[in-house]
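Asks: coordinates for the following, if possible.
(2 chains)
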Amino acid sequence: MCFTISKKDKNTLARTGVLKTKHAEIKTPFFMPVVTKGIAKYLTLDQLEKLNTKCFISNSYLLYLKPGEDLLKKTKDYHNFINWKGGIFTDSGGFQLKNPEFMIKINNKGVWFRSPFNGDKHFMSPERVIKLQNNISSDVAMILDDMQDAHKTKKDYEIAVNRTIDWAKRAIKVHKNKDQLLFGIVQGGIYKDLREKCAKEINSLPFDGIAIGGLALGESKENMHKAIDYSLEHIDRGKIKYLMGVGSPEDIIQAIGKGVDCFDSIYPTKMARHGILFTRKGPINIKKAIYKENFEKVEKDCDCPCCKKHTLAYLYHLYRLNEPGVKILMSMHNIRFIHRLIEEARKKIKEGNFESFQIDFLKNYKI
RNA sequence: GUCCAUGUAGUGUAGUGGUUAGCAUAGGGGACUGUGGAUCCCCUGGCUCGGGUUCAAAUCCCGGCUUGGACC
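Replies: All right, here's what the predicted structure looks like:
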């Protein structure tokens, strides 16, 4: 049993527990920064560790292209290569392979795509992706899924659901690595019946955890949360649940209340690079002139390196000069903000008052 | 003092008689959610001044002023 729930909230479906993997024991709920190519954008692995990151997600298909499987075999595994002691999830590439710029063809066999590095043609099947992730030796492997963007026809989502279910079964068959957990993924766009069908099928397979995918891609927040509900309804409560790609503070807090245990997203770091800092009162834009002579911290009680040392005026100054280093400071704050928020949520779940914490947070967090 | 040159958003510039006066940057606002981004979108803001020529002037002419240069 890789996942144990230690405490359930009385008034919501929130819970806290532990995910045990080969390299880590991770308290849930938790957030994973995205470490696509072996390093985060503007953050080193050492910096992530100091921000209390216990686990991150990497991208298996980009690692397959560079540095390549042969090199990863030579270094024993990916953990060794990058020298990371914590947990690593690897995304299958389902998300990236859909990028129209690289995608050549998709059918039931798999996906043909072009390398973004040099245009070479490559093929990925559900089986091949599992073997690839085995070679990477990540703690948690994700199945190859068929993901559709928002605003496609229902027929497109239906095809994607059927294909994802088929690929899930094929992935299970070839996954033999006992040291690596395997998560299935629920698709279905914003449609209740498709989410239900996909969730039931994926839930019936012997996966170590269930992910909800295909969201936060342009649909409304309301539809996104409905789709999460439609999916969660048909997944066993005892299983660990991972909401893929969702990373805004308000979405995370709401999803924790629904019983989601795990998140990943580029949102905090991308926001930081684009000048947005998270605070408990809502996001602020450091480019605004009102910060020019504001000598307060981003957040008084934040323990991140940025808030411990620097003022808004300093960040404003650096951002206006387009100094790359400011993106490091701001990324550190946003990642730490999300971690602290979830750390507090875990504490509140343990104390039995997550619901009021959630209500207060959403009330104060002005979007 | 004389002669020559110069003057277009805050800044740097394009524009040889008919342009909604273009671009960049600065300024204001917005977007971003399993990362090719150091990204994208929107808004504000301008012809040095006064005459004249012309149906029509940022554009041509005269004068003032600005700034730069040359010569006394």
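Asks: going by C-alpha atoms from here, please, whenever you check contacts or count neighbours.
Replies: Fine.
Asks: I'd say residue A:297 and residue A:312 touch.
Replies: Yes: with contact defined as CA atoms under 8 Å, residue A:297 reaches residue A:312; the gap is 5.8 Å.
Asks: quick one: which of those two has more around it?
Replies: Using other CA atoms under 10 Å as the criterion, residue A:297 and residue A:312 rank with residue A:312 on top: 21 against 18.
Asks: give me every residue that touches that one.
Replies: A:286, A:291-298 (CA atoms under 8 Å, 6 or more residues apart in numbering).
Asks: how does it look with 10 Å?
Replies: The contact partners of residue A:312, taken as CA atoms under 10 Å, 6 or more residues apart in numbering, are A:286, A:290-299, A:306, A:318.
Asks: so of these, which ones are in helices?
Replies: In this view, those that belong to helices under DSSP state H are A:306, A:318.
Asks: for the contacts of residue A:312, work out which two are farthest apart.
Replies: Across those, no pair lies farther apart than A:290 and A:306, at 19.0 Å, counting by CA to CA.
Asks: RNA strand B contacts on the stretch 201-350 of chain A?
Replies: The stretch 201-350 of chain A comes close to RNA strand B at residues A:213-218, A:221, A:244-248, A:251, A:264-267, A:269-271, A:273-276, A:285, A:287-290, A:320, A:324, as judged by CA under 7 Å from any atom of the strand.
Asks: in helices only, show me these.
Replies: Secondary structure from DSSP H places A:221, A:251, A:267, A:269-271, A:273, A:320 of these in helices.
Asks: out of these, who's the most crowded?
Replies: residue A:269 (27 neighbours).
Asks: can I assume it is in contact with residue A:327?
Replies: Yes: the pair residue A:269 / residue A:327 is scored as a contact, 8.5 Å apart, by CA atoms under 10 Å.
Asks: what do the two both touch?
Replies: A:41-43, A:275, A:333.
Asks: just those now: which is nearest RNA strand B?
Replies: The closest of the shared contacts of residue A:269 and residue A:327 to RNA strand B turns out to be residue A:41 (CA to the nearest atom of the strand; 4.9 Å).
Asks: residue A:330 versus the closest one, what's the distance?
Replies: To residue A:330, residue A:41 is 12 Å away according to CA to CA, to the nearest Å.
Asks: what's the answer for residue A:124, then?
Replies: Per CA to CA, residue A:124 is found 36 Å from residue A:330.
Asks: before we move on, the earlier item: just the buried residues from the contacts of residue A:312, in ChimeraX please.
Replies: Buried subset of those, written as a ChimeraX selection, criterion 16 or more other CA atoms under 10 Å:
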select /A:286,291,292,297,298,299,306,318
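Asks: residue in the stretch 1-150 of chain A nearest to RNA strand B?
Replies: Closest residue of the stretch 1-150 of chain A to RNA strand B, CA to the nearest atom of the strand: residue A:116 (3.9 Å).
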